[in-house]
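In: Build me a structure from this.
(2 chains)
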Amino acid sequence: NAGVTQTPKFQVLKTGQSMTLQCAQDMNHNSMYWYRQDPGMGLRLIYYSASEGTTDKGEVPNGYNVSRLNKREFSLRLESAAPSQTSVYFCASSENFSNQETQYFGPGTRLLVL
Amino acid sequence: AQSVAQPEDQVNVAEGNPLTVKCTYSVSGNPYLFWYVQYPNRGLQFLLKYITGDNLVKGSYGFEAEFNKSQTSFHLKKPSALVSDSALYFCAVRDRNTGGFKTIFGAGTRLFVKA
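Out: Okay, the predicted model is just below:
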């Protein structure tokens, strides 16, 4: 099992450009999440999908959209990138949408917006 | 408001010595508590969690953590540090009484283990 995979690993964008970060998991998990990690801060939740067909905003959703394409895949889209979106983005999944569940993280996408 | 504090940005330990990475939390209800480790250019890996029961939780790679309700702490410990333990460690908390799902992560503590 690959676990949680993310593409691309690294991306440079110019302000105003758009891009989609891809995430897939092969653990048959129901719930998936997108986080961003900034220096000196813990991870902050951008969006989550409790189950296939549902998505909800997290702590910092502005400037992002998501799509839960199917049970395996959960993409994050930046419609018009801004320098403030320079960050490392992590996708995660958990078996169910429960406070007790362990999350499993992908390797991250490092995004630089110029 | 819910919060997690990791008071030390960095912890330095000699190989073979015990290590402690501190975490305190503030939630309105009772917490679920987690520790994750992040190696360079990798995602977070789960180490251990406290859900209920015994306050001493044992996890991966010889790590353990003790839930102390009166001190609202969940410090991560290991009896004998290895150089390979050098990484970034995150404490995380969820309020079990809050509907839905929200994880608050600490800012992280960088552990350096010197040979």
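
In: mind listing the strands in chain B by residue range?
Out: B:3-5, B:10-14, B:19-21, B:24-26, B:31-38, B:44-50, B:56-58, B:64-68, B:73-78, B:87-95, B:104-105, B:109-114 (DSSP state E).

In: now those strands in TSV, with mean pLDDT?
Out: Supplementary listing: these in TSV, determined by pLDDT from 0 to 100:
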stretch	mean pLDDT
strand B:3-5	91
strand B:10-14	97
strand B:19-21	97
strand B:24-26	93
strand B:31-38	92
strand B:44-50	93
strand B:56-58	95
strand B:64-68	95
strand B:73-78	97
strand B:87-95	91
strand B:104-105	90
strand B:109-114	96
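
In: for the ones you listed, which one sits closest to chain A?
Out: Each of the strands of chain B has some distance to chain A by Cβ to the nearest Cβ; the shortest is strand B:104-105, at 2.9 Å. Heads up, the C-betas are built off the backbone N, CA and C, glycines and all.

In: Can you convert the strands of chain B into CSV and add a column each for mean neighbour count and distance to chain A?
Out: Converted to CSV, the strands of chain B look like this (neighbours: other Cβ atoms under 10 Å in any protein chain shown; distance: least, Cβ to the nearest Cβ, whole Å):
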stretch, mean neighbour count, distance to chain A
strand B:3-5, 16, 7
strand B:10-14, 14, 12
strand B:19-21, 20, 14
strand B:24-26, 18, 12
strand B:31-38, 23, 5
strand B:44-50, 20, 4
strand B:56-58, 14, 13
strand B:64-68, 18, 14
strand B:73-78, 20, 14
strand B:87-95, 23, 5
strand B:104-105, 22, 3
strand B:109-114, 17, 11
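
In: In JSON lines: those strands, plus distance to A:Met32.
Out: Listed next are these as JSON lines, based on distance: least, Cβ to Cβ, whole Å:
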{"stretch": "strand B:3-5", "distance to A:Met32": "23"}
{"stretch": "strand B:10-14", "distance to A:Met32": "32"}
{"stretch": "strand B:19-21", "distance to A:Met32": "28"}
{"stretch": "strand B:24-26", "distance to A:Met32": "25"}
{"stretch": "strand B:31-38", "distance to A:Met32": "17"}
{"stretch": "strand B:44-50", "distance to A:Met32": "15"}
{"stretch": "strand B:56-58", "distance to A:Met32": "26"}
{"stretch": "strand B:64-68", "distance to A:Met32": "27"}
{"stretch": "strand B:73-78", "distance to A:Met32": "26"}
{"stretch": "strand B:87-95", "distance to A:Met32": "17"}
{"stretch": "strand B:104-105", "distance to A:Met32": "17"}
{"stretch": "strand B:109-114", "distance to A:Met32": "27"}
